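# Return a 3D structure for these sequence lines:
(chains A and B)
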There are 2 protein chains.
Amino acid sequence: MNICGIDAGGTTTRCILVNENGELLAESKAGPANYQVTGLANVAQEIRKAINVVCKEAGINEIDVLGVGLAGVISKEDIQTVKNNLLLIKQVKKCCITNDGEIAVLGAYAGEPGIVVVVGTGSIIYGLKENGVTVKIGGWGPLLGDEGSGFWIGLKALQAIIKTGEGRNANTSLSSILMNSFNIDDLEELVSFVYQDKLSREKIAALAPLVIRAMADGDQVAKQIIEKGCDELILMITAMAKKINYQKKEIAVTGGLFNNSPFYDLFSYKLKKLSNLKAINPLYPAVYGAILYGALRAGLNLSLKKTE
Amino acid sequence: MNICGIDAGGTTTRCILVNENGELLAESKAGPANYQVTGLANVAQEIRKAINVVCKEAGINEIDVLGVGLAGVISKEDIQTVKNNLLLIKQVKKCCITNDGEIAVLGAYAGEPGIVVVVGTGSIIYGLKENGVTVKIGGWGPLLGDEGSGFWIGLKALQAIIKTGEGRNANTSLSSILMNSFNIDDLEELVSFVYQDKLSREKIAALAPLVIRAMADGDQVAKQIIEKGCDELILMITAMAKKINYQKKEIAVTGGLFNNSPFYDLFSYKLKKLSNLKAINPLYPAVYGAILYGALRAGLNLSLKKTE
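Model prediction:
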C-alpha cells in the first residue's frame, strides 16, 4: 500500500510517495501547474512527470492513492475534470483532489485543527475546524484584497513615493530606492511603467523586500506600510479564530514574506501583542497535507514520519 | 476678430465662440474626444463637428483663434500631432492646444492664479501660479492614485463589504446595498464580477453615490470611507497650496462628485476645518478656460462676459 501526494502550485509541482506507515519512499519536483493559469493539459503533464519519477525511484508501478492539492481549483466541475484526467495516468488507481489551501492547513497541523497564514505575492488564511471543514479568509486578489501581501506592500510603497514626490507625505528613502531599482528618474515614467503593464503583479510584489529593508534601516514611511500590512493580516487571523472557535495558542505561517526576518519578527511581535497568538512554522509542508488528504479520503489512518 | 474654445473630454466635447469683447456668439456640443481613448481621428472629427455648428450659428466662416483643452494629451509630440490635424479644418486660422487641467484652472479663476479640484471617476488638482505656470497634483489613475475619487470610493466600499462578510470589519448596510445593485448573492460572485472585467472603472465609480447615500443615512463604514476620501483630497490641496505659495482663501471645486450634496457638504466642512480654505464653484467652466488660453497665446487681452 502506498500514497502519493502532489502540491501543484503556480511555481513548482512537489510530489512525495510514502508507504502505509507514512515512511518516505521517494520525492520529486516538476514545473508550474496552476489550473487557471497553465490549463488542464499542463497540470496533467507536470503531475504525470512527477509521478513517473517517484515510481521509478521507489521501483513501483502502481499508486494506491493519489492526493492532490491544486492551486486555482474552486468548483466541483473543475475538480471532476482534473480527476478524470489524472485517472488516465496509468499508475494511478484512486485519486482525490482539493485546493491548495486545504493541503496547506492539513500539512501545517498534521491533520489536526489549525490555522495557517500564507503570505507571498498574495495573502490568504485557511482554518481547519474540529469537524474537518476548511474555512478561508482573504485571497481576494490584487484589486479587492491581498492585504499585507508582497503585492500590497509593493503597491503601497509606489503610492507613498508618489505622495512624497508631490509633498503629500513625509520624506522617505523609498523614493530613491524604488526609482533606482526601476532605473527611472521621475514619477511620470512610473505611470507608463505601471499602466503599460511592464510592472506585473509579481514585479510589484518583488519590491516588498526593498520596503522591509528600508524599514529595518529606520525609514518611517516604510515602517508604517509594513505595520499596516501586519495589522491587516492579524485582523484576518482574529476573524478566523472567532469564526472557527479556535482554542490553540499558535498559528502556522508560510509563504515567501515570512522568510524575511524583519517582516517575520514584526509580524510575530504584533500577533502576540494584539491577539496573544504565537507564530510557528508548519509541522509539514503542504505536499504532506496532500498525502494526509489522500489517506483521509481513502479511509486510512496515517501517521506521518518527517524526514528533512 | 473671434475666438473659439474647445473642451474635449472623455464624455462630451464642449465648444463656445466669442468675439474680441468676450461676448458669446454661439455654443455647441459634440461627442467624446479623449486623445488616448478615442484616438486622433475621432478627436479631430468631433471638434470639426462642434466648430461647424458654432460657425453656422454665428454666420461666420473663419475662426481667428482656436483654443483647445484636450484630455489625455501629455507630450509635446502629441500636441503637435493634434495641432497639425486641427489646422486642416478649413475655418481654423490659428490653433493653440493644452491639456484639460490648464483650461479647468484658467476657467475657474478667469485667468487669475488659483487652484481647482476635479473629482469625478478620478481625482486631480491643478494650480495656476502668478507666473502663469500650471502645476498638477494627483491624477495617477486607478492603481496608483485617484484618491477620494468615485472609483476610489467604490473600490473601498467593495473591499469593506468583503471585510464585513469575513468578520474583519463592522457591520454595514453597504453589503446589502451593493449586492442588490449588482443583483448577486455572495462575495464569491463579486470576484468574478470584478476580475472578469464586468465591473469597469466607470461602474465601480458609479457605486460612489450609493456609498454617500449610506453615509447620509448614518452608516459608519460608509462615513469612514467618505471621510478618508475627503482627507486625501485635502492633503493634495494643502500640498498644492504650499507648492505654489497660494495666498487666496478659496479653492474652486468641479466634477461629478461635488454635485452630490452630502459629499460637497462634508468636503467643504473638512476643508474649512483642516486648511481654513473655502470651497467655491469655478467662475467659468473649463471651455471658457480654453477661450482664455487661446486669447493668451494669441496675445489678446480678453475679458469674459458670462451668459447663463
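# Show me what from the stretch 101-250 of chain A comes close to chain B.
With Cβ under 8 Å from any Cβ of the partner chain as the criterion, the stretch 101-250 of chain A comes near chain B at residues A:137-138, A:140-141, A:143-145, A:155, A:158-159, A:162-163, A:166-168, A:188, A:190-191, A:194-195, A:235-236, A:239, A:242-243. For glycine as for every other residue, the C-beta is placed from the backbone atoms N, C-alpha and C.
# and those, which are buried?
A:137-138, A:140-141, A:143-145, A:155, A:158-159, A:162-163, A:166-168, A:190-191, A:194, A:235-236, A:239 (16 or more other Cβ atoms under 10 Å in any protein chain shown).
# got the contact list for the residue in the stretch 1-150 of chain A that chain B sits nearest to?
Per Cβ to the nearest Cβ, the residue of the stretch 1-150 of chain A with the smallest distance to chain B is residue A:137, at 4.9 Å. Neighbouring residues of residue A:137 by Cβ atoms under 8 Å, 6 or more residues apart in numbering or on different chains: A:124, A:125, A:127, A:236, A:239, A:240, A:243, B:166, B:167, B:168.
# Quick check: the two most widely separated of these?
A:124 and B:167 (15.3 Å; Cβ to Cβ).
# So the residue in the stretch 51-200 of chain A that chain B sits nearest to, which state does it fall into?
Residue nearest to chain B within the stretch 51-200 of chain A (Cβ to the nearest Cβ): residue A:167, separated by 3.9 Å. At residue A:167, secondary structure determined by DSSP: H, G, I helix; E, B strand; the rest coil is coil.
# about what we covered before: out of the residues of the stretch 101-250 of chain A next to chain B, which are inside helices?
Mapping these onto helices (DSSP state H) picks out A:141, A:143-144, A:155, A:158-159, A:162-163, A:188, A:190-191, A:194-195, A:235-236, A:239, A:242-243.
# What segments of the stretch 51-200 of chain A are helices?
Secondary structure of the stretch 51-200 of chain A (DSSP state H, counting those that start in this stretch): helices at A:76-86, A:100-108, A:141-144, A:150-165, A:174-182, A:187-195.
# about what we covered before: turn the contacts of residue A:137 into JSON lines, columns for pLDDT and distance to residue A:31.
Listed next are the contacts of residue A:137 as JSON lines, based on pLDDT from 0 to 100; distance: Cβ to Cβ, whole Å:
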{"residue": "A:124", "pLDDT": "91", "distance to residue A:31": "23"}
{"residue": "A:125", "pLDDT": "95", "distance to residue A:31": "27"}
{"residue": "A:127", "pLDDT": "95", "distance to residue A:31": "30"}
{"residue": "A:236", "pLDDT": "96", "distance to residue A:31": "31"}
{"residue": "A:239", "pLDDT": "96", "distance to residue A:31": "35"}
{"residue": "A:240", "pLDDT": "96", "distance to residue A:31": "32"}
{"residue": "A:243", "pLDDT": "93", "distance to residue A:31": "36"}
{"residue": "B:166", "pLDDT": "93", "distance to residue A:31": "33"}
{"residue": "B:167", "pLDDT": "93", "distance to residue A:31": "38"}
{"residue": "B:168", "pLDDT": "93", "distance to residue A:31": "36"}
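# okay, the residues you listed in CSV with distance to residue A:38 next?
What follows is those, written out as CSV (distance: Cβ to Cβ, whole Å):
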residue, distance to residue A:38
A:124, 20
A:125, 25
A:127, 28
A:236, 28
A:239, 32
A:240, 30
A:243, 32
B:166, 29
B:167, 34
B:168, 32
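# Where does pLDDT dip in chain A?
A:72-74, A:196-199, A:305-308 (pLDDT under 70).
# Quick check, central residue of it?
When Cα atoms, centre = their mean is applied to chain A, the residue found nearest the centroid is residue A:118 (4.4 Å).
# quick one: that one from residue A:280, how far?
14 Å (Cβ to Cβ, to the nearest Å).
# swap in residue A:56?
Relative to residue A:280, and taking Cβ to Cβ, residue A:56 is found at 36 Å.
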